[in-house]
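In: just coords:
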Ligand SMILES: Nc1nc2c(ncn2[C@@H]2O[C@H](COP(=O)(O)OP(=O)(O)OP(=O)(O)O)[C@@H](O)[C@H]2O)c(=O)[nH]1
Ligand SMILES: [Zn+2]
């Protein structure tokens, strides 16, 4: 790779400010493009570099999109820099810690279609994830060419947030790259999420000019593995970067209370004004949310979905905390047993 600068790669003062003088002199900032089980690959101004990890860093703690400091001569990853944004997901059944999916994303394209796939509750889960991670969400409504009334879907999607960017597109059309260009400019990083068949691959191919998404990435996904054999950070002709990791294709919410409140601002703002702090917004006296529903300024369906998502999130957060606790205890038991063995 030639003629690529750090700024092209997404470098900014946010990352620069984390380096001390010694690091500035001795180490090279590298953007992670692939995470394998035992090593990672990254990009710098000088091309692609394979890195091994210093003791104390595991590949589970490195995500595609991360900026790291490396000792390039020894091909060693020394330190992962603080992330601007971090996308992680609850695992299936929330049996363990959250899984890191991607780092330093600017925009998440939440993709659905102008057909039965359109589901406000599902879109709100994705919005909660994006908002929680401080990533800008953009809703893409594909298959606009296959319906008589795409505006109906656009209106419904716009009602899911304030100032929410919503685009109805034909993913197979020639104008996809141009329509998405405001988010795909130099140094900007994007990812696509959404259900199977909504057009993510079609859009990714349009954005990359056809080079994206190798077969092996999807096969890994089907087996639920966290490694990828393909490259996961794709340079776009518009100057941006597309992250495609297997984990992008099935995001569960856990520990995203802030994101849920941000996704339902009209409700969370009123909830702060309810008479009781633990108000359920049902039939309590002095409930500001119910008052707004009575007056017609809040959609009762939004309240239902808000409460359901909150419950799901609380459950997942609790289960993760329990798993963490269990792991800690197991670790303690194991350490005690090895210590005892050492004495025997
Ligand atoms: N007419 C039309 N067809 C589309 C559009 N978007 C996707 N398709 C078609 O829908 C099918 C599924 O598209 P994909 O891009 O493979 O969907 P995906 O989201 O990547 O699906 P998974 O890989 O299963 O997650 C393909 O046959 C596409 O050609 C669109 O906007 N208009
Ligand atoms: Zn209330």
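Out: Received, thanks. Quick caveat: nothing in here was measured; it's all calculated off a predicted structure. Ligands and ions are numbered 1, 2, ... in the order given.
In: C-alpha from now on. contacts and neighbour counts both.
Out: Will do.
In: what's the host helix or strand of residue 334 packed up against?
Out: Secondary structure assigned from DSSP states H and E places residue 334 in helix 300-343. Other helices and strands packing on helix 300-343, by 3 or more CA pairs under 8 Å, 6 or more residues apart in numbering; DSSP states H and E, are helix 257-263.
In: Show the average pLDDT along the helix holding residue 334.
Out: The predicted model gives helix 300-343 an average pLDDT of 82.
In: what does stretch 115-125 give?
Out: Mean predicted confidence for stretch 115-125 is 95.
In: if we can go back for a sec, does the helix holding residue 334 reach ligand 2?
Out: No. Applying CA under 5 Å from the ion, one finds helix 300-343 separated from ligand 2 by no less than 10.4 Å.
In: List, one by one, the residues from the stretch 1-150 of the chain near ligand 1.
Out: Applying CA under 6 Å from any ligand atom, we find that the stretch 1-150 of the chain lies next to ligand 1 at 142, 143, 144, 145, 146.
In: Can you select the buried ones from the residues you listed in ChimeraX?
Out: This is the ChimeraX syntax for the buried subset of these, where burial follows 16 or more other CA atoms under 10 Å:
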select :142,143,144
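In: Adding secondary structure as columns, could you present the residues of the stretch 1-150 of the chain next to ligand 1 in CSV?
Out: Putting these into CSV (DSSP: H, G, I helix; E, B strand; the rest coil) gives the following:
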residue, secondary structure
142, strand
143, coil
144, helix
145, helix
146, helix
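In: for the residues of the stretch 1-150 of the chain next to ligand 1, which one is nearest residue 192?
Out: The nearest member of these to residue 192, counting by CA to CA, is residue 142 at 12.4 Å.
In: Check that closest one and give its pLDDT.
Out: 98.
In: In contact with it, which residues?
Out: 111, 112, 113, 114, 168, 169, 170, 171, 198, 199 (CA atoms under 8 Å, 6 or more residues apart in numbering).
In: Buried subset of these as a ChimeraX selection?
Out: Per 16+ other CA under 10 Å, the buried members of those correspond to this ChimeraX selection:
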select :111,112,113,114,168,169,170,171,198,199
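In: and the contacts of residue 142, which of them are in strands?
Out: Using DSSP state E, the subset of those located in strands is 111, 112, 113, 168.
In: Please work out which residues outside stretch 186-200 touch it.
Out: Under CA under 8 Å, 6+ apart, the answer for stretch 186-200 is 7-11, 104-113, 117, 142, 171, 183-184, 204, 238-244, 248-250.
In: Any quick PyMOL command for the buried ones out of these?
Out: In PyMOL syntax, the buried subset of these is picked out as below (16+ other CA under 10 Å):
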select buried, resi 8+9+10+11+104+105+106+107+108+109+110+111+112+113+117+142+171+183+184+204+238+239+240+241+242+243+244+248+249+250
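In: before we move on, which element is residue 130 in?
Out: Using DSSP H and E, residue 130 sits in helix 120-132.
In: For stretch 71-80, list every residue counted as buried.
Out: Per 16+ other CA under 10 Å, stretch 71-80 contains these buried residues: 71, 72, 76, 77, 78, 79, 80.
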